[in-house]
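1. Sharing a model prediction with you, sequence too.
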Amino acid sequence: MARYCRSRVDLRPSEPGRGAMLTEGYGSRKQWEPVNARLINLLEGQLSVRGLTYGQLAVLIGRDSSTVSRALSGRGIPSRAVTELMARSLGLDEHTMMAVRGEAVAIRRRGQSVRAAGGPPDGMRTHREFLDALQETIRGANLSQREIGLRSHGTLKRSTIGAVLRGERSAPLELVMTIIEICGVVAPSAVASWEEAWCDLAEPDRERRRQRRWAGYSLRRYLRGLPAHRRPSAWARYVEERNLDDTLRGNR
């Protein structure tokens, strides 16, 4: 899975706006959160060294304690003003702190511009959310699954599109890329963002399905070699030993 996704980056580094974007990330929360965490850790560390509470820091910067708590919670990037006040009050280098904050803001801003150009939404964490985002892109283009099939010139079948969006079949990268192109997503950064989102969320689903199919195939071959009266107990033991999920349990 990861090897395939990395190969797409390695094979196209010179393509303007695409190879680099895959490396940089598409500005989602998972890209800017680590940078923001670095900022928070610097502030929290100095707060601990000085033996101050949030309430005491709030008094020092002239704000209420809820402002300090919110700024250091990591749920968002602290405002410029609050970051400067906390850095100054804690004796930290303001230039360094603002540079770290600026890096996090730049990543988040890049993500906002990518999403404005048709890229995937922020905060996706599951394959289902990826499919919902793809479905929303289709709705935003005011297209039906039938129209997408027609515009693909026979490349995509309506039944295939429907099965993928319902989660009944895995989502091949070629299908996803064709759909977003038909929906008018052409900005290189947005296209690359969909590719990265596919690597993160859709390709693992494809791999799980492939492994289940192979496990089912191997099991059926094994069971065919046993006497009929031994097959039910052998099946149960096989499932239990390998901790297989309910999907495979129904593949008998």
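-> It's in. Note that this is a predicted model, so its numbers are computed, not measured.
2. pLDDT weak spots in the protein?
-> Within the chain, the ranges that satisfy pLDDT under 70 run 1-28, 215-226, 228-252.
3. which residues of the stretch 101-250 of the chain fall in helices?
-> Ranges of helices in the stretch 101-250 of the chain, per DSSP state H, counting those that start in this stretch, are 127-140, 145-151, 158-165, 173-182, 188-197, 203-224, 231-242, 246-249.
4. CA atoms of the second one as PDB?
-> Yep, that's helix 145-151 we're talking about. Only the C-alpha atoms of helix 145-151 are listed here, as PDB (Å, rounded to 0.1, in the frame of the first residue of the first chain):
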ATOM      1  CA  GLN A 145     -23.800   8.900 -11.500                       C
ATOM      2  CA  ARG A 146     -25.400   8.200 -14.900                       C
ATOM      3  CA  GLU A 147     -24.000  11.500 -16.300                       C
ATOM      4  CA  ILE A 148     -20.500  10.700 -14.900                       C
ATOM      5  CA  GLY A 149     -20.700   7.300 -16.600                       C
ATOM      6  CA  LEU A 150     -21.600   9.000 -19.900                       C
ATOM      7  CA  ARG A 151     -18.900  11.600 -19.600                       C
END
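5. Are there helices or strands packed against it, and which ones?
-> Other helices and strands packing on helix 145-151, by 3 or more CB pairs under 8 Å, 6 or more residues apart in numbering; DSSP states H and E, are helix 158-165, helix 173-182. No exception for glycine: its C-beta is placed from N, CA and C like everyone else's.
6. With respect to burial, which of those scores highest?
-> helix 173-182 (a mean of 18; mean count of other CB atoms under 10 Å).
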